[in-house]
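> sequence first, predicted model second:
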Amino acid sequence: MQRESPSGERYFHLRWKRARRNKFPVSSYRLESGEKTDMEFPLTSGNLQGGDHDSDCAMVYFDLETTGLGNSAEICQIGAYYAEKDFSRYVCPKRDFDSGAAETTGFYKKDGILYLRGERVQTVPIFEAWLHFLEFLESASRSVVLVIHNRPFDSRFLLRDLLTFELIDNFRRLCIGMIDTLPLCREIFPERKQVGKRYKLQELVGDILGKEHASGSHNAVVDVRNLEKLLKQANVELEILKKHYLPLSKLEYSYFKRKKENFLKYKLPNLPRDITKKIIVADEISYEDLVRAYAEGRETGVKLLLPDEKKIRKPRVSKKQSAVEDITDSLTGLKISS
């Protein structure tokens with residue numbers, strides 16, 4: 001029987017405290033070749049021509065299709081490509097597709113059945129889809145770097161689901177980082193911006209590989225195959241790849257910071273954004289810490305909670321009276337007992 005995962009406020013703070021205890025962004029992965037850290041850039045040869053850069057690392061092209069762009073959107077397809085092998089799993093989402101997403105991707109749902117461009121597709125539960133994806137990564141028999149066009153979008157849903165289903169440790173053993181090809185393409189094709197062309201994958205593929213390749217875009221399997229062809233044709237140099245690589249631990253750290261910012265915005269909507277960001281940088285301060293300090297000492301308690309400016313060169317949270325007042329004002333309307 002699958003163990004129930006903690007959720008909501010308690011879930012977030014458990015993950016954040018664990019991240020702090022493990023002192024992200026440093027983490028290690030034991031591979032067959034020995035012990036490495038995911039802070040290392042794993043690719044070692046000069047370009048993409050001819051396949052993988054190095055026998056110690058597999059570059060897996062990855063893409064998701066979703067019901068929309070917002071945080072509440074759900075995944076409807078997971079796609080990947082590596083060494084002439086495709087991976088694809090369709091998932092029937094619980095929520096309906098946004099009109100824009102349905103028009104762009106061709107996916108829609110009717111009577112609990114998922115359709116793609118008018119044809120019914122075979123679906124699996126989302127948990128099962130992620131298990132199959134992890135098995136696909138494991139089949140590479142070496143550490144994996146995911147190559148993604150617009151990584152912040154896809155990695156947000158990937159990390160959200162893997163954390164929710166408690167599969168993140170399995171993923172950490174397989175994947176050491178990600179490369180974002182959106183800023184990479186902006187760098188290697190600067191002339192597009194000069195003539196007003198965009199860097200969407202479908203448009204890049206149509207202009208560089210030919211219109212016939214772009215016809216099936218917004219199907220995750222087609223997109224990952226096209227992305228691999230695009231990078232091979234561009235003959236991308238190692239140093240450019242390195243600039244757009246992030247280790248998994250940094251991605252997780254950024255994800256937790258964003259979750260904490262959103263959580264504080266939800267709990268304290270009147271708290272100014274600059275104060276919120278400074279609280280996030282001082283990542284030992286949680287919402288519970290703020291509430292406890294306010295309950296015990298009101299404005300004085302909040303002031304004492306913030307780091308001592310005299311002990312650090314660049315204060316992570318300003319102790320100016322205005323900042324303290326902003327935090328205190330945000331907490332004033334809450335039902336807090338001292």
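Arrived safely.
> pLDDT of stretch 66-75, averaged?
Across stretch 66-75, pLDDT averages out at 92.
> surely Leu64 touches Ile75?
Yes: the pair Leu64 / Ile75 is scored as a contact, 5.5 Å apart, by CB atoms under 8 Å. (C-beta placed from N, C-alpha, C; glycine too.)
> point out where the stretch 1-150 of the chain drops to low pLDDT.
Counting by pLDDT under 70, the stretch 1-150 of the chain has low-confidence residues at 1-40, 44-55.
> recalculate using a threshold of 90.
1-58, 69-72, 83-84, 99-105, 117, 141-143 (pLDDT under 90).
> now do the strands in it.
28-31, 34-37, 57-66, 75-82, 85-90, 107-110, 113-116, 119-120, 143-148 (DSSP state E, counting those that start in this stretch).
> with mean neighbour count and distance to Phe165 added, can I get those in JSON lines?
Shown next, in JSON lines, are the strands of the stretch 1-150 of the chain (neighbours: other CB atoms under 10 Å; distance: least, CB to CB, whole Å):
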{"stretch": "strand 28-31", "mean neighbour count": "13", "distance to Phe165": "20"}
{"stretch": "strand 34-37", "mean neighbour count": "10", "distance to Phe165": "26"}
{"stretch": "strand 57-66", "mean neighbour count": "24", "distance to Phe165": "15"}
{"stretch": "strand 75-82", "mean neighbour count": "24", "distance to Phe165": "12"}
{"stretch": "strand 85-90", "mean neighbour count": "18", "distance to Phe165": "14"}
{"stretch": "strand 107-110", "mean neighbour count": "18", "distance to Phe165": "22"}
{"stretch": "strand 113-116", "mean neighbour count": "16", "distance to Phe165": "20"}
{"stretch": "strand 119-120", "mean neighbour count": "9", "distance to Phe165": "26"}
{"stretch": "strand 143-148", "mean neighbour count": "25", "distance to Phe165": "18"}
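> can I get these in CSV with distance to Leu167?
Shown next, in CSV, are the strands of the stretch 1-150 of the chain (distance: least, CB to CB, whole Å):
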stretch, distance to Leu167
strand 28-31, 16
strand 34-37, 21
strand 57-66, 15
strand 75-82, 13
strand 85-90, 14
strand 107-110, 24
strand 113-116, 22
strand 119-120, 28
strand 143-148, 15
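> can you give me the helices in the stretch 101-250 of the chain?
Assigned by DSSP state H, counting those that start in this stretch, the helices in the stretch 101-250 of the chain fall at 126-138, 151-164, 168-174, 181-188, 191-194, 201-208, 211-214, 220-234, 238-243, 248-267.
> chain center to the second one, what's the gap?
Counting by CA atoms, centre = their mean, to the nearest Å, helix 151-164 is centred 4 Å from the centre of its parent chain.
> so Gln77 is in contact with Asn219, correct?
Yes: when contacts are counted by CB under 8 Å, Gln77 is listed as touching Asn219 (7.3 Å).
> picking that back up, and the helices of the stretch 101-250 of the chain, which one is worst for confidence?
helix 211-214 has the lowest average pLDDT among the helices of the stretch 101-250 of the chain, namely a mean of 68.
> report the contact partners of Ile327.
Ile327 is in contact with 271, 275, 290, 294, 302, counting by CB atoms under 8 Å, 6 or more residues apart in numbering.
> now these in JSON lines, with neighbour count and distance to Arg160?
Formatted as JSON lines, the contacts of Ile327 follow (neighbours: other CB atoms under 10 Å; distance: CB to CB, whole Å):
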{"residue": "Leu271", "neighbour count": "18", "distance to Arg160": "24"}
{"residue": "Ile275", "neighbour count": "19", "distance to Arg160": "26"}
{"residue": "Leu290", "neighbour count": "25", "distance to Arg160": "25"}
{"residue": "Tyr294", "neighbour count": "22", "distance to Arg160": "30"}
{"residue": "Val302", "neighbour count": "23", "distance to Arg160": "31"}
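> ok, so of these, who is nearest Arg186?
Ile275 (32.5 Å; CB to CB).
> host element of that closest one?
Taking DSSP states H and E as the definition, Ile275 sits inside helix 273-281.
> which helices and strands sit right next to that helix?
Packing partners of helix 273-281 (3 or more CB pairs under 8 Å, 6 or more residues apart in numbering; DSSP states H and E): helix 248-267, helix 321-332.
> what's the angle between the following helix or strand past it and helix 248-267?
Sequence order places helix 287-305 as the next helix or strand after helix 273-281, per DSSP H and E. Helix 287-305 and helix 248-267 are oriented at 80 degrees to each other (axes from the mean of the first three to the mean of the last three CA atoms, to 10 degrees).
> now for helix 287-305, which elements pack on it?
Looks like helix 287-305 contacts helix 8-21, helix 248-267, helix 321-332 (3+ CB pairs under 8 Å, 6+ apart).
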